[in-house]
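>>> How does the following fold in three dimensions:
(chains A and B, ligands or ions: 1)
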Amino acid sequence: MEEHKSHIIDYLTQIKVWVALVIFTLITVATAEVDFAMLTVAVALTIASVKSILVLLYFMHLKFESRILNLFVIVVMLVFLAMIVFTFFDYIFRLSHGS
Amino acid sequence: MGENVQHLSFLQDNGGKKGILAWITTTDHKRIGLLYFYSLTVFFLMGVVLGILMRLELMNPGKDLVEPQTYNSLFTLHGVIMIFLFVIPGIPAVFGNIALPLLLGARDVAFPKLNLLSWYLYILGALMALSTLLFGNAPDTGWTFYAPYSVRTGTNVTMAVLAAFILGFSSILTGLNFIVTIHRMRAPGMTWFRMPLFSWALYATAWIQLLATPVVGITLLMIAVERMLGIGLFDPSLGGDPILYQHLFWIYSHPAVYIMILPGMGVISEMIPVFARRRIFGYKAIAYSSLAIAFIGYFVWGHHMFTSGMSGPARVIFSLLTFLVAVPSAIKVFNWVATLYGGSIDLKPPLLYALGFIFLFLIGGLTGLVNGALAADVHIHDTYFVVGHFHYVMFGGTGFAFFAALHYWFPKVYGKMYNVKHATRAFWVLFTGFNILYFPMLVVGMMGMPRRYYDYLPQFHIPNLISTFGSWIVVSGLIYMIVVLIQGYRKGTPAGKNPWGGLTLDWQTDSPPITENFVELPIVTEGPYEYK
Ligand code: HEM
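Purely as a prediction, here's the structure:
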């Protein structure tokens, strides 16, 4: 069993991450106005993913956790990604067949 | 054990509290397992009653017992109860809770209070689901709550959907608890590959509970929001997409069928070596195939949607992936049979139920491949073939595995042995009745009888008559089994520590186990099935 060390993230880093999150939120709002056609969902999800990775790494301290925990989260992310990709395959095929 | 400390069995040790309070505030994993067991049994029997009512209505063509609308509510509530209150929690919540810490050589699960909370959530969700029987009109959508009908129907779908949402949380908490328990609480010396196979199965299951359940949670919430606020998510007239609902629903509900079956397979893997007195054949193959099933199981959900209007290429991909899941399942079956081969087989009730499982699951699994074949499914989708298929997997598979586990760990939990002769007879009644009840459904489905109707054309009469007759035998078998077990509980002979000659740690401690499970934590030096 590995030792558990607690990490304290300084305020400056916290604030930087928060500012980054706010900026990404603004970008999300801005891109909602743009028509990316088939890529609309992909764009929105990419921005959202970047935001959640920031939250996971800094606010939830994943950056300082053991490798196995990081691995778990990566596997979970990949499974989630695969679900989205499979679902939207269907949409893309449906669109391209004009139904 | 040469000490003076008195160790009470978990059944006697009330922790200073009285009566029912000592049970509903317990954090002991074995007591929580029993709480689940008793509540689950009640719901299961309610589900059976609804099933029997449907079979009575279907005995003859025409309306004879219930109104069409009542019939719609019957199959919906039967499905909701059986799925969300029986098979999904089923083996993990009852036997996982009771056996996992014992198998691992631990004193409890990692988070005992969370464990109790998950039972409370389960009860809350169950009461909410059952309240729809009394208040408002009982839901009539089928257990799948397909949109847009579920958005438009005047029945009390919102409550049923919120109930399923709460039940999901209970499932997530159990999964989380087991993952941490397996990572953190194994006895000294118990490496991953010295773990009993039931723990592997629970581990794979727990990951599905944790990852897939939130998807259905949010989907069902979307239904509730759409009903209450009129936001167009799934209803085309509001600009939504009903196929999206089916995607989201099955992204959870297909992996959920592996939540149902994997623990069942784990129970069987646990029992086969004990009753064949042989080391399990292909330990690692069985362990890894659980993980493989869990993993591939995430990517086959589209096979429920072949006729929904999903795109052609997506259908082909999902059909192909579906066939892949059959591979790890078959690996397990071959390994079980190879373990039995040349063993000194002791046909006790737990093994009988295990063999019953293999037989019925084989039929369920193979008819599943028929459904998974794209071209065939277009014809049999929404017919009784599907109803036959999923009863073979869920009842013949998970249900029989549940009964196997019950007969296996009964003497451990209560310290007493039931009457083996009668338990064996009850098995045969149940097994025979089961096939008479469900095999005709496969046939009549092939003939084209659609599911979810209170009536049918006259040419489907004979198989339906046989099936209804079978349902009476099944109920007799269930009553017989329950009476034998209650008798065993009241008057059974003392079972001793290890009535089946198992080598896993659960059999090395007292029956019933003491609250702390082991006086001293065991040290593990070899694998779980080292029969010489
Ligand atoms: C005596 C036992 C049982 C009987 C007589 C029975 C009978 C039936 C019948 C006749 C239907 C088809 C209704 C229709 O499509 O019109 C049905 C549906 C169903 N049954 Fe059972 N059943 C029994 C046990 C079980 C068990 C143990 C499970 C699960 C573990 C189960 C799960 C389901 C589900 C999920 C449905 C689908 C409901 C829907 O269409 O939404 N049943 N059952």
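
>>> Residue numbers of chain A in contact with chain B?
A:1, A:76, A:79-80, A:82-83, A:86-87, A:89-91, A:93-94, A:97, A:99 (CB under 8 Å from any CB of the partner chain). C-beta coordinates here come from the backbone N, C-alpha and C atoms, glycine included.

>>> Of those, keep whichever come out buried.
The neighbour count (16 or more other CB atoms under 10 Å in any protein chain shown) marks A:79-80, A:83, A:86-87, A:89-91, A:93-94 as buried among the residues of chain A next to chain B.

>>> Closest one of these to B:L366?
Nearest to B:L366 among these, counting by CB to CB, is A:F86 at 25.4 Å.

>>> residues contacting the closest residue to that closest one other than its chain neighbours?
In space, and not counting its chain neighbours, A:F86 is closest to B:F299: 6.3 Å by CB to CB, 6 or more residues apart in numbering or on different chains. The contact partners of B:F299, by CB atoms under 8 Å, 6 or more residues apart in numbering or on different chains, come to A:82-83, A:86, B:318, B:321.

>>> List the backbone torsions phi and psi for B:F299.
With angles defined as degrees, to the nearest 10, B:F299 sits at phi -110, psi 20.

>>> Let me know whether stretch B:48-63 sits next to the ligand.
Yes: if you take CB under 6 Å from any ligand atom as the test, stretch B:48-63 does meet the ligand, through B:48, B:51-52, B:54-55.

>>> any idea of the pLDDT on the residue nearest to A:F86?
pLDDT recorded at B:F299 is 87.

>>> With A:F80 as the reference, measure out to it.
Distance, B:F299 to A:F80, by CB to CB, to the nearest Å: 12 Å.

>>> just the helices in the stretch 301-450 of chain B please.
Secondary structure of the stretch 301-450 of chain B by DSSP state H, counting those that start in this stretch: the helices cover B:312-340, B:349-372, B:374-380, B:384-391, B:400-414, B:420-446.

>>> Packing partners of the shortest one?
When you say that, I think you mean helix B:374-380. helix B:312-340, helix B:349-372 (3 or more CB pairs under 8 Å, 6 or more residues apart in numbering or on different chains; DSSP states H and E).

>>> tilt between the longest helix belonging to chain A and helix B:312-340?
Ranked by residue count, the top helix of chain A under DSSP state H comes out as helix A:67-96. For helix A:67-96 against helix B:312-340, the angle by axes from the mean of the first three to the mean of the last three CA atoms, to 10 degrees is 140 degrees.

>>> Of all the helices of the stretch 301-450 of chain B, which one comes closest to the ligand?
The closest of the helices of the stretch 301-450 of chain B to the ligand is helix B:384-391. By CB to the nearest ligand atom, the value is 4.8 Å.

>>> and that closest one, what's its mean pLDDT?
Here helix B:384-391 scores 97 as its mean pLDDT.

>>> which residues touch B:Y122?
Residues near B:Y122 by CB under 8 Å, 6+ apart: B:36, B:39, B:85, B:89, B:93, B:167, B:170.

>>> any residue of the strand or helix carrying it up close to the ligand?
Using DSSP states H and E, B:Y122 sits within helix B:112-131. No: if you take CB under 6 Å from any ligand atom as the test, helix B:112-131 misses the ligand, and the best it gets is 13.4 Å.

>>> in that helix, what counts as buried?
Across helix B:112-131, burial judged by 16+ other CB under 10 Å covers B:112, B:115-119, B:121-123, B:125-126, B:128-130.

>>> cool, and stretch B:378-390?
Residues B:380-381, B:383-390 are the ones in stretch B:378-390 that count as buried (16+ other CB under 10 Å).

>>> Show me what it is in contact with.
Stretch B:378-390 has contacts (CB under 8 Å, 6+ apart) with B:306-307, B:364, B:367-368, B:370-371, B:438-442, B:444-446, B:448-452.

>>> Same question for stretch B:520-527.
B:1, B:105-107, B:187-190, B:193-194, B:279, B:283, B:505, B:508.

>>> State the mean pLDDT of the helix holding B:Y122.
Per-residue scores along helix B:112-131 average to 96.

>>> Kindly confirm my reading that B:N177 is in a helix.
Yes: counting by DSSP: H, G, I helix; E, B strand; the rest coil, B:N177 falls inside a helix.

>>> closest point of the stretch 251-400 of chain B to chain A, which residue?
Proximity of the stretch 251-400 of chain B to chain A (CB to the nearest CB) peaks at B:S311, 3.4 Å away.

>>> repeat for the stretch 1-150 of chain B
In the stretch 1-150 of chain B, no residue comes nearer to chain A than B:A110, which is 12.6 Å away by CB to the nearest CB.

>>> in which helix or strand would I find that residue?
Assigned by DSSP H and E, B:A110 belongs to no helix or strand.

>>> do the same with B:P463
Taking DSSP H and E as the definition, one finds B:P463 inside helix B:461-491.

>>> B:V161 too?
In the assignment (DSSP H and E), B:V161 maps to helix B:157-184.

>>> Give me the contact status of that helix with the ligand.
No: judged by CB under 6 Å from any ligand atom, helix B:157-184 stays clear of the ligand, getting no closer than 11.5 Å.

>>> ok now that helix, how far from the chain's centre?
14 Å (CA atoms, centre = their mean, to the nearest Å).
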